[in-house]
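Visitor: curious how this folds, go ahead:
(one chain, ligands or ions: 1)
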Amino acid sequence: MKTYLEPNEINLLEDQAANLRDRLLIRVLSRLGCRVSEALGISVSDIDFNTRTVSIKHLKTRLKLSCPDCGTSLGRRHAYCPECGNKVAEAVAEAEAVVKTHKPKRKHKAKEPVAVA
Ligand SMILES: [Zn+2]
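Guide: Residues are numbered from 1 along each chain as shown. Have a look, this model is predicted:
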């Protein structure tokens, strides 16, 4: 099963868009390869027109948690380590707080201008 669109298929999709906003959204998603939620989070200040780059906030962040005492992998809901039994709720909450405050941004450079005529 094909899981991507060819450039001509993207053009057809753009041609069928009911309005400029939808057309731009289709183009941004296809050119930048970002998720819808990431595209919707783009503001004007995220766009550098000189370098033709767009900074995108990662909304889906993988959080790898492990017990500080024995290194066993933990889930977000773990309050106690399933291996050593030590309390880990605090360490899990701290790791989640770090991820929430340091949302990394990645820069995307469009190969072609994204502007829609
Ligand atoms: Zn442990």
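
Visitor: who in the protein is up against the ion?
Guide: Residues of the chain lying close to the ion (Cβ under 5 Å from the ion) are 67, 69-70, 72, 81, 83-84. The way it works is simple: take the backbone N, C-alpha and C, and place the C-beta from them, glycine included.

Visitor: and those, which are buried?
Guide: 67, 81 (16 or more other Cβ atoms under 10 Å).

Visitor: out of everything not next to it in sequence, what's closest to Ile42?
Guide: Val54 (6.1 Å; Cβ to Cβ, 6 or more residues apart in numbering).

Visitor: same thing with Ile10?
Guide: Nearest to Ile10 is Ser30, by Cβ to Cβ, 6+ apart, at 4.7 Å.

Visitor: surely that neighbour and Leu12 touch.
Guide: No. The pair Ser30 and Leu12 fails to qualify as a contact (Cβ atoms under 8 Å) at a distance of 11.7 Å.

Visitor: if you count surrounding residues, which of these two has more?
Guide: Neighbour tally, Ser30 and Leu12, criterion other Cβ atoms under 10 Å: the higher count belongs to Ser30, 19 against 11.

Visitor: can you name the element that comes right after the helix or strand harbouring the more buried one?
Guide: With secondary structure defined by DSSP states H and E, Ser30 is part of helix 20-32. Going down the chain from helix 20-32, the next helix or strand is helix 36-40, by DSSP H and E.
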